[in-house]
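Asks: Have a look at this fold, sequence not included:
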């Protein structure tokens, strides 16, 4: 786990829109063990997200995590956000991307990490949206990649 090191990790979060312009969010399990989050984001809505592996590009990580978590195939990705996500559990530099094309049918698979999914209007996001995902969405809306 990254929380036991002195080095930040690199994470990604991917905005995927439906034809109505709503963004896909997935609900993490409220059980901290099943939610499997270094930042302890259990019980929150999140963009499809995860860690970048060694020797993997940001885009490769985004494509892999979206497929793992939603079963969707994404392409034509663009970086829209860079953020410092730091809490008492972990430190990540999080890169937010938008997938301008997606295909397939959403399926959360048979892991218990995520328990639900829903598309949300950007003006009606859930109160329990995790901070890293909220930062990505706000940076996207404000056309501001990074804010110190």
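Replies: Good, I have the coordinates. Predicted model only: the values in this text are computed from it and were never measured.
Asks: helices and strands of this protein: which one bottoms out on pLDDT?
Replies: The weakest-scoring helix or strand in the chain, judged by mean pLDDT, DSSP states H and E, is helix 32-35 (a mean of 91).
Asks: Show me what counts as buried in it.
Replies: residue 35 (16 or more other C-beta atoms under 10 Å). For every residue, glycine as well, the C-beta is placed using N, CA and C.
Asks: Tell me the helix or strand right after that helix.
Replies: For helix 32-35, the following helix or strand on the C-terminal side (DSSP states H and E) is strand 45-46.
Asks: packing partners for that next one?
Replies: Judged by 3 or more C-beta pairs under 8 Å, 6 or more residues apart in numbering; DSSP states H and E, the packing partners of strand 45-46 are strand 23-28, helix 131-141.
Asks: Could you list the low-pLDDT ranges of the chain?
Replies: Filtered on pLDDT under 70, the chain yields the residue ranges 1-5.
Asks: what ranges do the strands span in it?
Replies: Counting by DSSP state E, the chain has strands at residues 9-16, 23-28, 45-46, 49-51, 73-86, 91-103, 114-120.
Asks: Right, I'll leave it there.
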